[in-house]
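S.K.: sequence and predicted structure, then a few things I'm wondering about:
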Amino acid sequence: MAERADLMSTVPDPDPLMEKEPVPGFEPLIVTIACHYCSYAAADLAGSMRLQYPPNIRIIRTPCTGKVDVLYILKAFEEGADGVYVAGCEEGGCHFDIGNLYAKQRIYYAKKLIQQVGLEPERVEMFNIAASAGPRFAEVAALMTERVKRLGPSPINIKRI
Amino acid sequence: MIIAEQKPLEEIREMLGDAKKVMVLGCGACVTICFAGGSKEVGILSSQLRIAAKKDGKELEVIEDTIERQCENEFFESVKDKMKEADVVLSIACGVGVQTIAELFPDIIVLPGLNTTSFGRPKEPGVFAEYCGGCGDCILDLTGGICPIARCSKSLLNGPCGGSENGMCEVDPKTIQCAWHLIFEKLEKMGRLDQIEKINPPKDWSNSMSGGVRNIVREDLLEVKLES
Amino acid sequence: MKSNSNLEKVFASGQLAVTGELGPPKGTNIKVIEEKAKHLKGMVDAVNLTDNQTAIVRLSSIASAKILLDIGLEPVMQMVCRDRNRLAMQSDLFGAVALGVRNMLCLSGDHQVFGNHPQAKNVYDIDSVQMINMVKTMRDDGKLLSGDEIDGEFKMFIGAAENPFGDPFASRVPRLAKKIAAGVDFIQTQCIYDMERFKKWMEGARARGLHEKCFIMAGVTPLKSVGMANYMNNKVSGISIPEDIIKRMKGVPKEQQAEEGIKIMVEQIDELRKVEGIKGIHLMAIEWEHRVPELVERAGLLPRPKFD
């Protein structure tokens, strides 16, 4: 009976944000919440493969992205993060079947919550990265870092320039 | 249970005005079940308030707490000192909880963080549906256990009206089921369609809000005091 | 005679009755009523006056009815349950009868979310079936809903609407039976386009002899354009317009669509009056009152009977 809100796709392609210039001298702080079974493994793999990715991200491991609560995301911003993204398994490939799909719904909700307090919804995103996708992990870290560089510092955090 | 939803954040912030120390107080009963005013929502709302204040460069301290039930006097014992420290208490209980605080603590400014909407239940995950109108004169025996007072947009007692289409109500065909469609189907299944042709007479609304404030007194439960 | 109204007399004489409809103005401009009424005079047996139709505030149906009476046209005063409780209804009914109104239509009324005051609190103290019964009791027993005696005579020919196109379909004949049991004298149906479903509904009514217990009038609305057909089909719940009618409207150039709509209506009326149990036609020419003389003429509904 309930109609699901049309969930936002992750990052639009092409991303209109990338047409903007990055804010000069700004190095964002980005929190990455990664699933133990895939994206966290992908981060390991990226390391073993000696792939370069921006040092702006701080990874937090969760047993499943289904454990991600919107409060985690709000707390990250409250404590000074400029961006937060959740990296879960490919859709259909969740170790717990549908945890990543729940995460996707919550990310959409979190976008609304931060928008209500005057933060850009683009600061929060959901990605799906398989355990074997080391290069994709590095790519997403770079993509999110470039995005947030263009958004500038979180409005509660202007001093970080 | 009582169903409620949070007020728009803008409205809450406007109510709070320049308060420097706010206590967000949740309730562990109905509003926890409908994800509007439990400890989780206390956390989310408090975090939002802090972020918004920081963004505007405003000083704001938010204290978080949740009690078992805000509708009963005894549960306030553990938080009453904290409540008194705050400039205002933002209650995210139903309207009953807010009023309990107003009655118990006449010196505290209490503000409502929720809009209380109805009596209902979590029909499916994430869907909180209205089921009872609190009319004070239950007729569910006549309608196959489906309430037309709460669940028909016109509270018809002899429906369905012409606005029933494919089982849905014209008032919002996406979310409102036609109660009389449901009643008809139910009575049909029960072999009680004769019931649908009985004219339900005008309702006695005097037991509802129309009859004035409804207070129930049970004399066997009243407080007993020893006369000295 | 229950009311001695012209409409009742037409039914009693066994002739096919014809009623029209008039939407009062959204203000105090009485000229709108007078102008519309001019076209209806002599063309129909009585004229429905809508009561804040589609929940949009308009000049009251009681006042409009009185204006029509003064012009010499017979009103069918509509009354909805949305805006009045049982006190207001009964007092307004006294007023209407005192002013000479003899026909009425008992309706639930469109929900206020569709109108111009969607924030309003609705009433729905009683529903349309209960209203029918209330008016019948006032007329036949001279008593209010409370049982109190009415001071004076109360004459009224009681009508109601029925929508054969609402769901669930199986509930529609029982609901007609319920309105008859409540005391309705005549029924006007929702606009009919889906002839097949309508005939099925009438079949159900006849099977229970309901067509002999009240006068059933078939509702008809001429389509003015494809746009109107699409709007009614998609936006107005409880109205479905079969694909072949929409196709037919689409098949002619825009400037001829109104003419095509009239042709369709004339065919519909021809077909409807042959249906056993149909005792009248309710012509809802929405904002087309000035075309009514032409419509009834072409549908072969003239001349209208006269009684002394």
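M.R.: Alright, I've got the coordinates.
S.K.: burial of C:Phe307, as a residue count?
M.R.: 10 (other C-beta atoms under 10 Å in any protein chain shown). Heads up, the C-betas are built off the backbone N, CA and C, glycines and all.
S.K.: just C:Ser13 next, same as before
M.R.: Using other C-beta under 10 Å, the number of residues around C:Ser13 comes to 10.
S.K.: dump the longest helix seen in chain B to PDB, keeping only the CA atoms.
M.R.: In chain B, with assignment by DSSP state H, the single longest helix is helix B:39-55. Taking Å, rounded to 0.1, in the frame of the first residue of the first chain, the C-alpha atoms of helix B:39-55 are listed here in PDB:
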ATOM      1  CA  SER B  39      15.000   8.200  22.100                       C
ATOM      2  CA  LYS B  40      16.200   7.700  18.500                       C
ATOM      3  CA  GLU B  41      14.200  10.800  17.400                       C
ATOM      4  CA  VAL B  42      15.400  12.700  20.400                       C
ATOM      5  CA  GLY B  43      19.000  12.100  19.100                       C
ATOM      6  CA  ILE B  44      18.200  13.000  15.500                       C
ATOM      7  CA  LEU B  45      16.300  16.200  16.400                       C
ATOM      8  CA  SER B  46      18.900  17.300  18.900                       C
ATOM      9  CA  SER B  47      21.700  16.800  16.400                       C
ATOM     10  CA  GLN B  48      19.800  18.700  13.800                       C
ATOM     11  CA  LEU B  49      19.200  21.600  16.300                       C
ATOM     12  CA  ARG B  50      22.900  21.700  17.200                       C
ATOM     13  CA  ILE B  51      24.000  21.700  13.500                       C
ATOM     14  CA  ALA B  52      21.500  24.400  12.600                       C
ATOM     15  CA  ALA B  53      22.600  26.500  15.600                       C
ATOM     16  CA  LYS B  54      26.300  26.100  14.700                       C
ATOM     17  CA  LYS B  55      25.500  27.100  11.100                       C
END
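S.K.: roughly how far out does the helix or strand following that helix sit from the chain middle?
M.R.: Per DSSP states H and E, the first helix or strand lying C-terminal to helix B:39-55 is strand B:61-67. Distance of strand B:61-67 from the chain centroid (C-alpha atoms, centre = their mean, to the nearest Å) equals 21 Å.
S.K.: next: stretch C:53-66.
M.R.: 14 Å.
S.K.: so, in contact with chain B or not, it?
M.R.: No. If you take C-beta under 8 Å from any C-beta of the partner chain as the test, stretch C:53-66 misses chain B, and the best it gets is 11.0 Å.
S.K.: thought B:Arg13 was touching B:Arg50?
M.R.: No. The criterion here is C-beta atoms under 8 Å, and B:Arg13 misses it with B:Arg50 at 11.7 Å.
S.K.: quick check: residues of chain B near chain C?
M.R.: Counting by C-beta under 8 Å from any C-beta, the residues of chain B near chain C are B:153-167, B:170-171, B:173, B:178, B:180-181, B:184-185, B:188, B:193, B:196-197, B:199-203, B:205.
S.K.: tell me how many other residues surround whatever residue of chain C ends up closest to chain A.
M.R.: Among the residues of chain C, C:Asp167 lies closest to chain A, at 16.8 Å counting by C-beta to the nearest C-beta. As a burial measure, C:Asp167 scores 22 neighbours (other C-beta under 10 Å).
S.K.: give me phi/psi at it?
M.R.: Dihedral angles of C:Asp167 (phi, psi; degrees, to the nearest 10) stand at phi -100, psi 160.
S.K.: ok, and the closest non-adjacent residue to it?
M.R.: B:Ser164 (4.9 Å; C-beta to C-beta, 6 or more residues apart in numbering or on different chains).
S.K.: list the contacts for the one you found?
M.R.: B:170, B:178, B:180-181, C:166-168, C:237-238 (C-beta atoms under 8 Å, 6 or more residues apart in numbering or on different chains).
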